[in-house]
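S.K.: coordinates for the following, if possible.
(one chain, ligands or ions: 1)
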Amino acid sequence: MDHRTPSLPPKTALTRFSVAPLSTMTRHLADVASGRAPADLVITGARVLSTYSERIAPEREVWIAGGRIAAVKPAGAHRQVSGAPGRVYDAKGGIVAPGLVDPHIHIESSMITACAYAEAALLNGTATIFCDSHEIGNVMDAAGIEMMLEDARHAPLSIFLTVPSTVPATSPELETAGGDLTPDKIAALFDRWPEAAALGEKMDFVPVTMGDERSHAILAAALERGKPISGHIYGREFVAAYAASGVTDTHEAIDRDIADDLLDAGVWIFLRGGPPTTPWHSLPEAIKTITELGSSHKRICVCTDDRDADDLMMFGMDWVTREARRAGMSCEQAWSMGSLHPATRFGMEGEIGGLGADAVRTWCCSTTRSRCRTPGMVANSWSKTERSRRCSIRHSPTPIAIPRRRTARSMSRSGRS
Ligand SMILES: [Zn+2]
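M.R.: Predicted coordinates for the structure are as follows:
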């Protein structure tokens with residue numbers, strides 16, 4: 001493993017490091033929220049989608065300071081504050097919604113780098129992703145994962161890692177993997193990289209169920225550090241053993257019955273919306289645990305998992321949330337399942353997923369759909385060129401600096417997961 005110190009991007013780039021930690025800003029944010037100091041930016045005349053209460057409030061404005069939302073107020077309230085805000089943007093009745101949060105994706109499946117992935121994700125309203133770099137891990141071991149993480153830090157998108165847990169994915173008899181992520185290597189990745197938010201999909205469901213020593217040592221590396229564990233639970237017979245082993249999410253709920261089992265076992269569900277021409281589109285069946293069996297949606301998210309590069313524009317997280325709406329959820333519920341719920345699953349609901357304490361760049365992409373009454377619906381009728389033009393020209397309060405692009409030369413796919 002390369003033991004260089006992880007580097008941070010230059011301050012001129014707009015990345016997730018551009019917004020200072022909340023702990024350093026609380027006094028200033030309190031001043032702005034109380035009207036004692038002006039906001040840097042006010043987005044007024046907006047309808048605001050609250051993922052906390054799942055309602056759209058009319059005639060609101062959002063006060064932003066230091067890249068964070070200081071307050072959401074009635075439209076026009078900034079005129080009663082002494083001192084003019086740095087800038088006022090009139091949303092003209094558009095909807096302001098929190099950026100989407102994809103809880104489970106593999107950037108390598110798109111055969112591009114994190115910075116390149118960010119371009120399409122941002123245009124589709126995704127502001128944060130939790131990626132599992134197990135494909136590059138299969139090829140280059142921990143060094144490949146660290147290369148991906150370095151690149152991800154330069155992306156104008158918040159990228160967190162769920163540390164690959166099952167490399168190699170099978171056995172030497174079935175594959176010739178270039179990586180071997182032992183429990184010690186996984187522990188080292190957690191300790192070196194703060195963005196390592198969870199253990200990635202534990203896909204060896206038979207060994208885990210059978211009590212395999214290495215599989216459970218990997219689970220222990222995450223549990224000892226207080227990190228949640230993402231799973232790949234496929235088959236109702238494995239649900240109990242997986243839940244007992246500390247695995248607390250899966251994106252492999254393929255129908256309403258296993259979805260029901262998982263929810264009652266305390267396992268979060270990421271409904272996977274794959275392009276409809278693929279067999280990976282399990283959302284319409286699994287969502288029936290809500291629409292037919294009466295489950296709550298509070299522990300259910302939506303995700304993309306894998307995307308070919310040419311599907312990124314038309315089948316992003318915004319498309320998946322629309323699929324959830326078509327399957328019977330309200331607009332507000334579907335958007336929450338794509339933003340606040342994933343944030344809550346990873347314990348980050350104070351930073352992302354809602355408009356109570358969120359970053360500017362989260363807003364700037366979400367207003368892509370702000371011209372329509374229903375979040376996400378107008379974008380469906382735009383051409384790709386039109387979407388790109390509208391997004392880049394109208395909806396960025398500050399220009400988004402796309403860092404240099406890099407082309408992956410040695411990325412490989414080892415199949416969907
Ligand atoms: Zn996956």
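
S.K.: how about the residue of the stretch 251-400 of the chain found nearest the ion, phi and psi?
M.R.: Proximity of the stretch 251-400 of the chain to the ion (CB to the ion) peaks at Asp305, 4.6 Å away. Using the backbone N, CA and C atoms, a C-beta is placed for each residue, glycine as well. Torsion angles at Asp305 (phi, psi; degrees, to the nearest 10) stand at phi 70, psi -80.

S.K.: which residue comes closest to it once chain neighbours are left out?
M.R.: Arg272 (5.0 Å; CB to CB, 6 or more residues apart in numbering).

S.K.: please name the bridge partners of the one you found.
M.R.: Cys303 (DSSP bridges).

S.K.: the residue lying farthest from the centre of the chain and the ion, how far apart?
M.R.: Within the chain, Ser82 marks the point farthest from the mean C-alpha position, 37.6 Å out by CA atoms, centre = their mean. Per CB to the ion, to the nearest Å, Ser82 is found 52 Å from the ion.

S.K.: and that residue, what element?
M.R.: Using DSSP states H and E, Ser82 is not contained in any helix or strand.

S.K.: what sits against the residue nearest to Asp305?
M.R.: 104, 251-252, 280-283, 302-305 (CB atoms under 8 Å, 6 or more residues apart in numbering).

S.K.: can you do 7 Å?
M.R.: 251, 280, 282-283, 303, 305 (CB atoms under 7 Å, 6 or more residues apart in numbering).

S.K.: how many other residues sit next to the residue of the stretch 251-400 of the chain closest to the ion?
M.R.: Applying other CB atoms under 10 Å, we find 23 residues neighbouring Asp305.

S.K.: pretty sure it contacts His104?
M.R.: Yes. Asp305 lies in contact with His104 (CB atoms under 7 Å); the separation is 5.7 Å.

S.K.: mind checking what secondary structure the residue in the stretch 151-300 of the chain positioned nearest to the ion has?
M.R.: Nearest to the ion, among the residues of the stretch 151-300 of the chain, is Glu201, at 5.2 Å (CB to the ion). Using DSSP: H, G, I helix; E, B strand; the rest coil, the structure places Glu201 in strand.

S.K.: list the contacts of it.
M.R.: Counting by CB under 7 Å, 6+ apart, Glu201 has contacts 132, 165, 230-232, 417.

S.K.: of the residues you listed, closest to Glu59?
M.R.: Nearest to Glu59 out of the contacts of Glu201 is Ser230 (CB to CB; 40.2 Å).

S.K.: what's the helix or strand for the residue lying closest to Leu157 once chain neighbours are set aside?
M.R.: Nearest non-adjacent residue to Leu157, counting by CB to CB, 6+ apart: Ala118, 3.8 Å away. In this assignment (DSSP H and E), Ala118 forms part of helix 114-123.

S.K.: after that helix, next one along is what?
M.R.: strand 126-131.

S.K.: near the ion at all, that following strand?
M.R.: No. Strand 126-131 is not in contact with the ion by CB under 5 Å from the ion; minimum separation 9.5 Å.

S.K.: so for that strand, what's the average pLDDT?
M.R.: In this model, strand 126-131 has a mean pLDDT of 96.

S.K.: could you do stretch 135-145 as well?
M.R.: So the average pLDDT for stretch 135-145 ends up being 96.

S.K.: the closest residue to Asp308 other than its chain neighbours: how many residues sit nearby?
M.R.: Leaving aside its chain neighbours, Asp308 sits nearest to Ser110 (6.6 Å; criterion: CB to CB, 6+ apart). Here the count is done by other CB under 10 Å, and Ser110 has 24 residues near it.
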